[in-house]
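Q: Structural data only, the sequence is not supplied:
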């Protein structure tokens, strides 16, 4: 950790629980679709629709709501009732504004680290939803800057290290998505701590590699930052 | 202009046409609702729904799409067909990714001003949609920073002037919404140039005041920045 001068944390499913709420919403959706097709097939069609909508609509609850409606119409072959469509919209809206449940140890770790390093939050997704979660988390005080990105790739991480005037080798990113938090950071020459989450959105799944500048752990702990 | 050290421009309907696309979508929606109620009533119910959704869903095309579906179901008393719901979703999606039409003189004005002042873009709305519009506008090169905000109020403008190390009296904001671009800037002690647009979203309408640090003009011109 000697060469580290800036640490960035991912937010959803690194600092607090998020994907669980979406998984729950997907289960409720599939349950409603059971009268048409199997739950697995319904889930597959929903994921496919989300992937189709991603380039135009981006991340977060709102594209999810739109995908629920479109997939419900698709699966029911255009026969789903207006009442049920409103129910699908509600399932999607329910993913917004959930109470923030911090991951274990998060507050201690941020409190300790923030006295030693500048910390930033680097999260991807919907601006309004992410701002609301950061505010409700009570963790804002530990971060010197908050970067809400529309994509996490080599370009966006290069911009972050440049903006904060550090070299990639002095930058450490901590996150749960190999594709968004880890791989692009290693590729630009940075360091990463990877804490895989138990559940991950299908579109974030990526092949994992081993790397000398990468640590992997089952959960966040201060020891990871002390060696 | 002697005391100005930082100029911020609003984007939608200040630098390029935006609201026109939404107005067009509203007209298409009301046309489809004509078999149930008058176009004025349909428009009123849509605006009411958008206002209801604003705190949870925020700004941009995606909340608009969701509001179209909900209002269509409401107006049809739950009888609108699945096919028509997909049409409403398409009407909403059509507002995304339209070619960027710059307002007259914009490129000249930014080019001239950017050699004299640091310029920033201060826009409200959906992160992904705003980033895409900025990129497609070709105007990014004139701005030293881009601030995409979830709300434009006194707090967010105070953060901007602080972040860019100027005092409010050295800050000038240029925009088309009295409520979002002008009033909060005057309230924190800043300067403003107000270019009302011909059409404005009903939720952005605010009572206008006169103020010694405010200029109002029918269109953008370099003269506004030279006195």
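A: Nice, thanks for sending it over. Model, not experiment: these values are computed from the prediction.
Q: for chain B, what are the nearby residues on chain A?
A: Contact residues (C-beta under 8 Å from any C-beta of the partner chain) of chain A with chain B: A:56-59, A:61-63, A:65-66, A:69-70, A:73, A:76, A:78-83, A:85-86, A:89, A:93, A:96-97, A:126-129, A:131, A:148-150. No exception for glycine: its C-beta is placed from N, CA and C like everyone else's.
Q: give me that answer again for 7 Å
A: A:56-58, A:62-63, A:65-66, A:69-70, A:73, A:78-80, A:82-83, A:85-86, A:89, A:93, A:96-97, A:126-128, A:131, A:148, A:150 (C-beta under 7 Å from any C-beta of the partner chain).
Q: which ones among those residues are found in strands?
A: residue A:148 (DSSP state E).
Q: now the strands for chain A?
A: Taking DSSP E to define them, one finds strands in chain A at A:6-9, A:119-124, A:145-149, A:171-175, A:191-194, A:214-216.
Q: what does the shortest one rub up against?
A: It refers to strand A:214-216. For strand A:214-216, contacts defined as C-beta atoms under 7 Å, 6 or more residues apart in numbering or on different chains pick out A:182, A:186, A:192, A:193, A:194, A:224.
Q: farthest residue from the center of chain A?
A: The centre of chain A is farthest from one residue, residue A:79, which by C-alpha atoms, centre = their mean lies 33.9 Å away.
Q: How about the contacts made by the residue nearest to that residue when sequence neighbours are not counted?
A: Sequence neighbours aside, residue B:82 is the residue nearest to residue A:79 in space, at 6.9 Å (criterion: C-beta to C-beta, 6 or more residues apart in numbering or on different chains). Applying C-beta under 7 Å, 6+ apart, we find residue B:82 in contact with A:73, A:78, A:79, A:80.
Q: Filter those residues down to the buried ones and hand me the PyMOL line.
A: Of the contacts of residue B:82, the buried ones go into a single PyMOL selection, burial set by 16 or more other C-beta atoms under 10 Å in any protein chain shown:
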select buried, chain A and resi 73+80
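Q: could you dump the contacts of residue B:82 to a markdown table with pLDDT?
A: Formatted as a markdown table, these follow (pLDDT from 0 to 100):
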| residue | pLDDT |
| --- | --- |
| A:73 | 98 |
| A:78 | 98 |
| A:79 | 98 |
| A:80 | 98 |
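Q: which ones among the contacts of residue B:82 are found in helices?
A: residue A:73 (DSSP state H).
Q: Max pairwise distance over the contacts of residue B:82: which two?
A: By the measure C-beta to C-beta, A:73 and A:79 form the most distant pair in the contacts of residue B:82, at 8.7 Å.
Q: Got the domain ranges for chain A?
A: Under the assignment automatic domain parsing, the domains of chain A span A:6-16+A:100-225, A:19-93.
Q: what about the helices in chain A?
A: A:19-33, A:39-57, A:61-75, A:82-93, A:106-114, A:127-137, A:154-163, A:183-187.
Q: orientation of the third one relative to helix A:127-137 in degrees?
A: I take that to be helix A:61-75. 120 degrees (axes from the mean of the first three to the mean of the last three C-alpha atoms, to 10 degrees).
Q: Packing partners of helix A:61-75?
A: Packing partners of helix A:61-75 (3 or more C-beta pairs under 7 Å, 6 or more residues apart in numbering or on different chains; DSSP states H and E): helix A:19-33, helix A:39-57, helix A:82-93, helix B:61-75, helix B:82-93.
Q: Please work out which of those helices is packed deepest.
A: Across the helices and strands packed on helix A:61-75, averaging neighbours per residue (mean count of other C-beta atoms under 10 Å in any protein chain shown) puts helix B:61-75 on top, at a mean of 24.
Q: hmm, back to that, which one of the contacts of residue B:82 sits closest to residue B:176?
A: Nearest member of the contacts of residue B:82 to residue B:176, counting by C-beta to C-beta, is residue A:73, at 37.2 Å.
Q: Pretty sure the closest one sits against residue A:84.
A: No: judged on C-beta atoms under 7 Å, residue A:73 makes no contact with residue A:84 at a distance of 10.0 Å.
Q: Roughly how far does the residue positioned nearest the centre of chain A sit from chain B?
A: Computing the C-alpha centroid of chain A and ranking residues by C-alpha atoms, centre = their mean puts residue A:12 first, at 4.2 Å. Using C-beta to the nearest C-beta, to the nearest Å, we find residue A:12 at a distance of 15 Å from chain B.
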